[in-house]
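A.B. asks: Show me the folded form of this:
(one chain, ligands or ions: 2)
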Amino acid sequence: MIYTCTLNPSVDYVVHVQDFQLGDLNRMSYDVKFPGGKGINVSRVLKRAGVESEALGFIGGFTGAYVEECLKEEGISTNFIHVNGDSRINIKLKTKSETEINGQGPVISNEQVRKLIKQVENLQNDDVLVLAGSIPSSLPSDFYTKLSKIAKKQGAKVVVDVSGKVLLDIVEQGPFFIKPNHHELGELFDVTIETPEEAIPYGQRLLELGAENVAISMAGKGALLITRKAIYQATVPKGNVKNSVGAGDSLVAGFLATIINNGEIVEAFRRGVASGSATAFSLELCTQEDVERLIPKIEIKKLD
Ligand SMILES: Nc1ncnc2c1ncn2[C@@H]1O[C@H](COP(=O)(O)OP(=O)(O)OP(=O)(O)O)[C@@H](O)[C@H]1O
Ligand SMILES: O=P(O)(O)OC[C@@]1(O)O[C@H](CO)[C@@H](O)[C@@H]1O
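C.D. replies: Ligands and ions are numbered 1, 2, ... in the order given. Take a look at the predicted model:
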């Protein structure tokens with residue numbers, strides 16, 4: 001079973017403003033709400049690919065109830081720990097460019113933390129635990145490292161999509177798959193990465209530190225997959241980017257959907273990239289039809 005863990009879920013409030021003026025009254029031309037948070041997005045895209053998962057994490061208030069209700073309607077299993085405050089509302093402002101304002105989220109108590117740890121202690125051999133998204137400020141910064149250690153002890157595969165130096169600690173636990181984007185990869189090593197050539201040596205460093213497979217997404221510039229055996233580079237199709245929020249999560253879900261069905265790693269990468277692009281080209285997360293349409297357009301070459 002795949003378990004996704006979202007420590008800080010959200011309602012994503014996508015707001016379109018034609019000609020945004022800071023300091024003025026602006027009117028929305030269009031607005032729409034979605035359940036959000038990286039692990040939750042992974043669960044939603046997995047479901048569309050026909051793969052079951054269970055969404056874990058902390059959720060609370062009217063916003064949390066909305067997220068849970070949406071997941072229930074989509075037939076996604078949840079086992080959230082309920083907290084006192086409201087889950088956050090993250091604003092995704094679409095003007096000429098995309099601007100995001102993410103909330104803090106509710107405070108998590110020690111008792112609630114213990115409950116989540118218990119859930120991870122109950123993982124079984126061959127389960128997959130996806131740790132994705134930021135760590136709420138009320139939790140210790142090494143919380144993912146702790147969860148990853150417990151999951152590995154249980155024999156589960158760990159998948160990580162988290163930004164910041166904490167990834168370097170988690171990598172030492174030997175995660176099965178990690179997916180930094182090129183900016184996050186650069187931040188890890190205090191360098192600026194603009195091209196696949198610049199990204200490769202740092203992706204390889206993550207492998208040396210313990211990761212089994214590393215995907216580096218570079219938005220419209222393509223993506224890399226670095227495994228213990230080879231390095232692959234994928235092109236991404238050209239298209240009209242409507243909302244790239246969740247594109248990275250869709251890549252993770254597309255990759256996992258193939259792996260969990262014993263698919264080949266290059267095909268998993270192809271489906272991952274197609275899912276990411278299909279999400280970038282839609283207002284919401286990708287549909288399965290969009291993913292299938294894009295799969296033949298993804299070219300993957302093996303690098304020497
Ligand atoms: N402009 C784009 N054109 C085509 N595909 C895109 C574009 N932006 C994103 N994608 C697709 O989505 C994947 C992930 O994108 P990106 O590198 O932006 O991840 P990310 O920064 O983790 O995303 P997010 O945090 O918004 O979920 C890319 O590998 C690509 O397949
Ligand atoms: O604040 P975090 O946890 O880093 O990111 C949260 C978030 O921006 O990530 C998802 C897209 O990847 C959105 O659904 C959500 O709003």
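A.B. asks: For the stretch 1-150 of the chain, which segments count as strands?
C.D. replies: 2-6, 10-16, 30-36, 53-60, 77-78, 81-83, 88-94, 98-101, 128-132 (DSSP state E, counting those that start in this stretch).
A.B. asks: For Leu209, find the nearest of those strands.
C.D. replies: Nearest to Leu209, of all the strands of the stretch 1-150 of the chain, is strand 128-132, at 16.6 Å by C-beta to C-beta. In this view, the C-beta of every residue, glycine as well, is placed from N, C-alpha and C.
A.B. asks: List, one by one, the residues from the stretch 101-250 of the chain near ligand 2.
C.D. replies: With the criterion set to C-beta under 6 Å from any ligand atom, the stretch 101-250 of the chain comes near ligand 2 through Asn102, Gly133, Ser134, Val245, Gly246, Gly248, Asp249.
A.B. asks: In helices, which of the residues you listed fall?
C.D. replies: Within these, residues falling in helices by DSSP state H are Gly248, Asp249.
A.B. asks: Now whatever residue of the stretch 101-250 of the chain ends up closest to ligand 1: closest residue in space, sequence neighbours ignored.
C.D. replies: Nearest residue of the stretch 101-250 of the chain to ligand 1, counting by C-beta to the nearest ligand atom: Gly248, 2.1 Å away. In space, Gly248 comes closest to Ser217 once its chain neighbours are excluded; the distance is 5.6 Å by C-beta to C-beta, 6 or more residues apart in numbering.
A.B. asks: That neighbour touches His183, doesn't it?
C.D. replies: No: using C-beta atoms under 8 Å, Ser217 makes no contact with His183, being 9.9 Å away.
A.B. asks: Looking at these two, which one has more neighbours?
C.D. replies: Using other C-beta atoms under 10 Å as the criterion, Ser217 and His183 rank with Ser217 on top: 26 against 15.
A.B. asks: Surely Phe255 is in contact with Phe177?
C.D. replies: Yes: Phe255 is in contact with Phe177 according to C-beta under 8 Å; the separation is 6.6 Å.
A.B. asks: quick one: Ile216 is in a helix?
C.D. replies: No: counting by DSSP: H, G, I helix; E, B strand; the rest coil, Ile216 is not part of a helix but strand.
A.B. asks: so which of the strands of the stretch 1-150 of the chain gets nearest ligand 1?
C.D. replies: When the strands of the stretch 1-150 of the chain are compared (using C-beta to the nearest ligand atom), the closest one is strand 98-101, at 8.4 Å.
A.B. asks: who does the closest one pair up with?
C.D. replies: Using DSSP bridges, strand 98-101 pairs in its sheet with strand 88-94 (antiparallel).
A.B. asks: The strand it pairs with near ligand 1 anywhere?
C.D. replies: No: Strand 88-94 does not reach ligand 1 (C-beta under 6 Å from any ligand atom); its nearest approach is 9.5 Å.
A.B. asks: To what extent is Lys165 buried, counted in neighbours?
C.D. replies: 11.
A.B. asks: Near ligand 1, which residues of this protein are found?
C.D. replies: So far as C-beta under 6 Å from any ligand atom goes, the chain lies against ligand 1 at 181, 217-220, 223, 236, 239, 241, 244-249, 251, 273, 276-277, 280.
A.B. asks: Flag every buried residue along the helix or strand hosting Arg271.
C.D. replies: Counting by DSSP states H and E, the element that carries Arg271 is helix 265-280. For helix 265-280, the neighbour count (16 or more other C-beta atoms under 10 Å) marks 265-266, 268-280 as buried.
A.B. asks: Same question for stretch 200-215.
C.D. replies: Ile200, Tyr202, Gly203, Arg205, Leu206, Leu207, Leu209, Ala211, Asn213, Val214, Ala215.
A.B. asks: I'd like the distance between the residue lying closest to the fourth one once chain neighbours are set aside and Ile298.
C.D. replies: Counting by C-beta to C-beta, 6+ apart, the nearest residue to Arg205 once its immediate chain neighbours are dropped is Phe189, at 7.1 Å. From Phe189 across to Ile298, the span is 28 Å (C-beta to C-beta, to the nearest Å).
A.B. asks: Neighbour count for these two, which is higher?
C.D. replies: Between Phe189 and Ile298, counting by other C-beta under 10 Å, Ile298 is the more crowded of the two (20 against 14).
A.B. asks: and the more buried one, what is it in contact with?
C.D. replies: Ala234, Thr235, Val236, Pro237, Arg270, Val273, Ala274, Ser277 (C-beta atoms under 8 Å, 6 or more residues apart in numbering).
A.B. asks: Local confidence estimate at the second one?
C.D. replies: If I follow you right, that is Thr235. At Thr235, the model reports a pLDDT of 95.
A.B. asks: All set, thanks.
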